Every structure is written in structure tokens, then in C-alpha cells.
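Chemist: Any chance you could fold what I've pasted below:
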Amino acid sequence: MVSRKAVEGAILGVGGLAAAAGIGAYLVRRRTRTSITRTTDTAPDALLRTPTFVPRIVPVVTDDGAELHVRVYGDPDAPPIVFSHGWTCSADYWIPQINAFAENYSVIVYDQRGHGRSDVGTRLLGPDVLADDLADVLAATVAEDNKAVLVGHSMGGMSIMAWAGRYPKQVDRLVSAVLLASTATDSLVRETTVIPLPERFRRVPLPLSRAVLGSAVPLRPSPVMRQAIKYVSMAPGATPAEVAFCEKIVLECQPRTRGIWGAALTELDIHEALANMSVPTSVLVGSADRLTPPVQARKLAQALESHDHLSRLIEIPRIGHMSSVEAIDEFNEEVLRLRLL
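Modeler: A predicted model of the protein is given here:
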């Protein structure tokens, strides 16, 4: 049995995490444009398996010469859904959504700068870089006569909000709706519940948060590390398959990428961008999310409501930060609803 002390040590070692066979053989009915593949349509955990759909690779090169890895699954002329992943993850984080949607939709995923197969480039990392990279991806994959639904998880949601703040005229022109999942605009360190603090402390000290988020310590697979990743980013009820899926993706992230992006997120504040979220926008969070807890989702929804942009606020009981993996069907149902608006 792994000791609590060992797990707590590994949690700090997670660095950035502390503060911040395909399915085709199982389908027997003809799909329609209004349907998706659900977990009940497949063998257990089939949606977590490598997709059988063959992607088209779209070359995207940024102004500073960084090459972004962009993949398009499904019919490129079908209604597009663009997925933007979070910190320490990669485009593979969206495998459950690729498997669910690619039969009837154009599913577009990309590796954030420095993650997966994308270059880190030479720019100072921050919200402007997230915005510019997303703008480049959209320019390469989305046409004005076939608008996309944008889906962002954690830092991916921040990418969408930063993009709306930097490119307000593109929002109505390229996008029909947005889902912001397990994300926030600011106060990432102050409101996280990953690190339990005595009540007399109202927030994690900034020097500590910078040190933890900016850590580039290599993370190695082990039972302790798996428990730490589960504690930080998932709910107690997450299944072994879900935990293993997320563990693999997180541990594949380069330590330097984790550190420099973690440091960049420490003082993030993009709340003013919400005024430009001029399409129906839903906010989704798990009730057991420690990294971006429900208080942040409610604050985000309230701000969107004040601008008359909120579509729905969804709080999924007993689900952690990795909401699109822990609650695949509930997450995908909201994506589908937004796609059909």
C-alpha cells in the first residue's frame, strides 16, 4: 500500500498539475448527423482507445516559425468541431471525442505550443500566444460558410477566451458556439483546492505557486505518481482505465514545456475577454474539480450571463478536472447540443 506521505510528495512533484482498438467494430446501426457514439454503444472503455479514423495532417506555421501539429478527423466538409486541450496534455487527450464525433463531424485537434508534436517556438509564452496559435489553427481549418463549435478544456478554454479577447471580429465570423470546460479566467492559484491550507491562509503564496507550476522536474511512471495524478486532476471515482489514459498523456509532456507554461499561467488574467464571447457559450465543470473548482465556473458563467452570452452552466456531480474523460457522455452531449443550435 502506498503511504500518504509518498503520495503527497509525488503531488508536489507533479509540478504544474498541483496549481493549476477503435470503436467501429462495435457499431451496428447507421449513424445520422445528429447522433454520436456513446459509451453505451461500445465495449467498455472503447472510446479511450486509439481511433481507427485516419486523420489528415494540416501544416500550420506561426509567425515565429513554430510548427503546430494539427489533425483533422472525419469528413473535412462536415460541420467542424475544434478541440483545444489543456496544460500538460496533447491532442490525444481528445481521443474520446474523436471516437464519438468523427463519423459525422469534422473533428479538429491540435497540440498546444510545446506540447505533443508542436514546437515551443521563440515567443514569450502567455495568453497572447495561446490566442495567436488558435487563430492560426482556425485560419487553416475553418471556413466562414461552415462555422465551428469551439471546445476548450482547462488551458484550452483559456486559449479560446484569449483568442476572443484578441480577435473579437473572428468570433461571430468563424464560430457558432463555444464550450468552456474545467477552466477559469484568473485566480488559478488563489482558488485551487489541490493544496489544502489552514483557514488562516486565504491563498497559496505566489512564490510557492511559481515554484510548483514552473517546476521542470521529470515525472516518471509509478504507483505513487499514478495516485498523485489521480488526486490532483481526477475524482476519487475515476476508473483505472480513465486514470491510466490521463497518466500516459500527462507523463508524455516534456518537463520544460510543463515548467514554462506553468509559470506563464501563474498570474493569468483574461476576464475582460468574456465581453467578446458573442456566441452561445456553455460552461462545464465537475463538482470534484480541484484544479479549477466549481467556484471558478460559476464566476465565469456569471460574467458571461452579464454579457448575455451564457448558454448553460453544467456542474457534473462527482467528476474531477478531466471532465471530458471522466464524464464522456455528459460532456459530449453538451458539445452535440451546441453543434445542433
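Chemist: Can you list the low-confidence ranges for the stretch 1-150 of the chain?
Modeler: Within the stretch 1-150 of the chain, the segments meeting pLDDT under 70 span 1-33.
Chemist: again, 50 this time
Modeler: Along the stretch 1-150 of the chain, the parts satisfying pLDDT under 50 run over 1-2, 4-31.
Chemist: got the residue ranges for the helices in it?
Modeler: Ranges of helices in the stretch 1-150 of the chain, per DSSP state H, counting those that start in this stretch, are 4-13, 95-101, 127-141.
Chemist: Quick check: which helices or strands does the shortest one pack against?
Modeler: Using 3 or more Cβ pairs under 8 Å, 6 or more residues apart in numbering; DSSP states H and E as the contact criterion, the neighbours of helix 95-101 among helices and strands are strand 80-84, strand 106-110, helix 323-326, helix 328-339. In short, each C-beta sits where N, CA and C put it, glycine included.
Chemist: So which residues make contact with that helix?
Modeler: 22-23, 36-38, 46-51, 53, 73-74, 81, 83, 107, 109, 151, 245, 324-325, 328, 331-332, 335-336 (Cβ atoms under 8 Å, 6 or more residues apart in numbering).
Chemist: Return the members of those residues classed as buried.
Modeler: Using 16 or more other Cβ atoms under 10 Å as the burial test, those include 22-23, 36-37, 46-49, 51, 53, 73-74, 81, 83, 107, 109, 151, 245, 324-325, 328, 331-332, 335-336 as buried.
Chemist: can I assume Thr39 is in contact with Asp329?
Modeler: Yes - counting by Cβ atoms under 8 Å, Thr39 does reach Asp329; the two are 5.5 Å apart.
Chemist: which of these two has more neighbours?
Modeler: Taking neighbours as other Cβ atoms under 10 Å, Thr39 and Asp329 compare with Thr39 leading, 19 against 15.
Chemist: which ones are touching that one?
Modeler: 46-47, 328-329.
Chemist: one more time with 6 Å
Modeler: Contact analysis of Thr39 by Cβ atoms under 6 Å, 6 or more residues apart in numbering lists 47, 328-329.
Chemist: Turn these into a markdown table, including distance to Lys169.
Modeler: Below are the contacts of Thr39 laid out as a markdown table (distance: Cβ to Cβ, whole Å):
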| residue | distance to Lys169 |
| --- | --- |
| Leu47 | 36 |
| Ile328 | 34 |
| Asp329 | 35 |
